[in-house]
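no sequence for this one, just the structure:
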């Protein structure tokens, strides 16, 4: 994963609540074995609406997306994060995110920035004309108009993002503890330690 | 040290803790990993790129479901017919190849055991009470119905579990949904869970694991419990749980991957401890009176947009929250509905009975009980019944249910995810309505422009008979 520190540029003022991952990327785009190229299918149903923000040339390649509450609800498809990346989105700002989407975003180096609705509303207004800046180390979102909003982030996730750490590599550093757990489980709960080996 | 009272979730969490870190993150052991064709290929590619093996192929089980057409799939010799869609065929082939390369048990599309991953796991006894279960699919929450801690993960996490058999997690908050009383006639687990989602909202459970508690769940079949927990995710919850009991144990005993002999007895001894302790604290408690739940349908494009079938399409202006007003207006525009329309007056052209929410034997029995001796209405163009697995299909056929469906004008299909999510050939045409037993009524979920009304299998059968959304109690007298 590439390290993430600052993200600056135009922000797509989408603002909609309860955006589900079927809206971010419909299922018929999921028949791929690659992570690439999903930007073409991103927000397909929204793009069918005349005057939608995604087809506004002012926001072409914008690195930030601003949305409403509960962004990324529904399906666990990581294709939603891949589609955003493929569009060029590196951060999403919203009042809240679904649990699974926020994990998927993190694992792809997309910042999921939670801010209260009134601050999101202010950023939606700014985004109509001006860029937005996100500084992960400082945990701030700022604008050219002296707005300065701070956001919370899990310290572990922040560390991984800033350093570009591979989570699997981090976990494998605990391989000994995992092996010890497996030995305990095989002794104490052997029925769990046996999976598909049981039935032949 | 006297141990403090713990919730069921905390007990399962504690039993799977590999390592806790000072910052609050933990490494949690995963007992069972289910995989399917859609969310796994990129994970296997990641393993190959990093030169990593699968740590516990024996704790991993693969089955194709999302992409498989549900039309007849075998030729006269029992071989799989070619799959017309090239991308689907490639994705299915990748699952078969990846599982072969990494030594993972694979249930092929030609096997009787094939089916929707969340039907197959419990049915095979691979999913067990007290186990941690994950799958790259949000409806993994279903397995909570047998008392497992089960949740959906993304593809990066699929790769993480394949490589390490663990996940890095923070503990979730806990929510108790306490349901008092008993469900009325014609009211099913699906109606109850739709009602609960209406109460909680689609984000009401975010950050939480829900434990469903009360006599309703104790009296509920395993199939019903799987339906309820399946839709926990539609309230935003990571997982849903129901304490396992004798009903679950009897249901699991003798299944292919379930423990046997002494191990079964040892497992039972532990399973019987798997209930929240008296005095255990939940972070949130929601109370619901079962007597207030009626046969329930959705009217909008979010699973929280529910109403009793006796009600009307709501007026967006009457929602307190301006954002909800705007969302409801957009929903009604998409759904082609006017405020005040009686729900029971809404005509449907399509009926889908299936999906990981409602494709178990009890669901087909309930639908068949309504369809017996009746036929779908003339305006219902397409009605399909799609069993959740080959074993459910065989059981239904042994009971003669398939004949009831076909006599009623339904197509009786092969197992798969089918019209739940529009990534295989089963789709609802633009602008048409579908009475559907699936789990999501999102914009475009059943096909671009498709209009979904979620409901129980009996209600979907009733809609097929009358050609409009219908209170099933009218047909059962």
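Structure received. The shown structure was predicted, so the numbers you read here are calculated from the model rather than taken from an experiment.

Contacts only, for the closest residue to chain A within the stretch 351-477 of chain B.
The nearest approach of the stretch 351-477 of chain B to chain A comes at residue B:423, 3.9 Å away (CB to the nearest CB). All C-beta atoms are positioned from the backbone trio N, CA, C, and that covers glycine. Residue B:423 makes contact with A:27-28, A:30-31, B:38, B:66-67, B:88, B:417 under the criterion CB atoms under 8 Å, 6 or more residues apart in numbering or on different chains.

again with residue B:124
For residue B:124, the set of contacting residues under the criterion of CB under 8 Å, 6+ apart consists of A:199, B:61, B:113, B:255-257.

In JSON lines: these, plus neighbour count.
Rendered in JSON lines, the data for those read as follows (neighbours: other CB atoms under 10 Å in any protein chain shown):
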{"residue": "A:199", "neighbour count": "15"}
{"residue": "B:61", "neighbour count": "25"}
{"residue": "B:113", "neighbour count": "15"}
{"residue": "B:255", "neighbour count": "16"}
{"residue": "B:256", "neighbour count": "13"}
{"residue": "B:257", "neighbour count": "23"}
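
Lowest pLDDT pick from those?
The lowest pLDDT within those belongs to residue A:199, with 61.

Leaving out chain neighbours, which residue sits closest to residue B:469?
Here the nearest residue to residue B:469 in space, its sequence neighbours aside, is residue B:346; by CB to CB, 6 or more residues apart in numbering or on different chains that works out to 4.7 Å.

And residue A:58, by the same measure?
Using CB to CB, 6+ apart and skipping residues adjacent in sequence, the residue nearest residue A:58 is residue A:10, 6.7 Å away.

show me the contacts for the one you found.
Contacts for residue A:10 were tallied using CB under 8 Å, 6+ apart; they are A:58-59, A:62-64, A:127, A:131-132.

Ok, residue B:89 next?
For residue B:89, the contact set (CB under 8 Å, 6+ apart) comprises B:82-83.

Residue B:219 now?
Applying CB under 8 Å, 6+ apart, we find residue B:219 in contact with residue B:182.

tell me the pLDDT at it?
We note a pLDDT of 98 for residue B:219 in this prediction.

Number of residues surrounding residue B:200?
The burial metric for residue B:200, expressed as a neighbour count using other CB atoms under 10 Å in any protein chain shown, is 24.

no, scratch that, I was asking about residue A:170
17.

Next, find the distance separating it from residue B:107.
When distances are taken as CB to CB, to the nearest Å, residue A:170 and residue B:107 turn out to be 33 Å apart.

Can you read off the backbone torsions of residue 35?
In the absence of a named chain, this looks at chain A. Per-residue torsions, residue A:35: phi -90, psi -10 (degrees, to the nearest 10).

not quite, I wanted chain B
Its backbone dihedrals place residue B:35 at phi -130, psi 150, with angles given as degrees, to the nearest 10.

what's the closest non-adjacent residue to it?
For residue B:35, the nearest residue in space outside its immediate sequence neighbours is residue B:62; the separation is 4.6 Å by CB to CB, 6+ apart.

wait, what's in contact with that neighbour?
Under the criterion of CB under 8 Å, 6+ apart, the contact list for residue B:62 reads B:34-36, B:40, B:95, B:99, B:104-107.

Now do the strands in the stretch 201-350 of chain B.
Per DSSP state E, counting those that start in this stretch, the stretch 201-350 of chain B carries strands over the ranges B:208-213, B:239-241, B:284-289, B:296-298, B:306-308, B:350-353.

Mean pLDDT, mean neighbour count and distance to residue B:53 added to the ones you listed, as CSV?
Converted to CSV, the strands of the stretch 201-350 of chain B look like this (pLDDT from 0 to 100; neighbours: other CB atoms under 10 Å in any protein chain shown; distance: least, CB to CB, whole Å):
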stretch, mean pLDDT, mean neighbour count, distance to residue B:53
strand B:208-213, 98, 27, 31
strand B:239-241, 98, 30, 28
strand B:284-289, 98, 14, 41
strand B:296-298, 98, 26, 45
strand B:306-308, 98, 20, 46
strand B:350-353, 98, 28, 40
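
how about these, which one is nearest chain A?
Going by CB to the nearest CB, the one of these nearest chain A is strand B:208-213, 9.0 Å.
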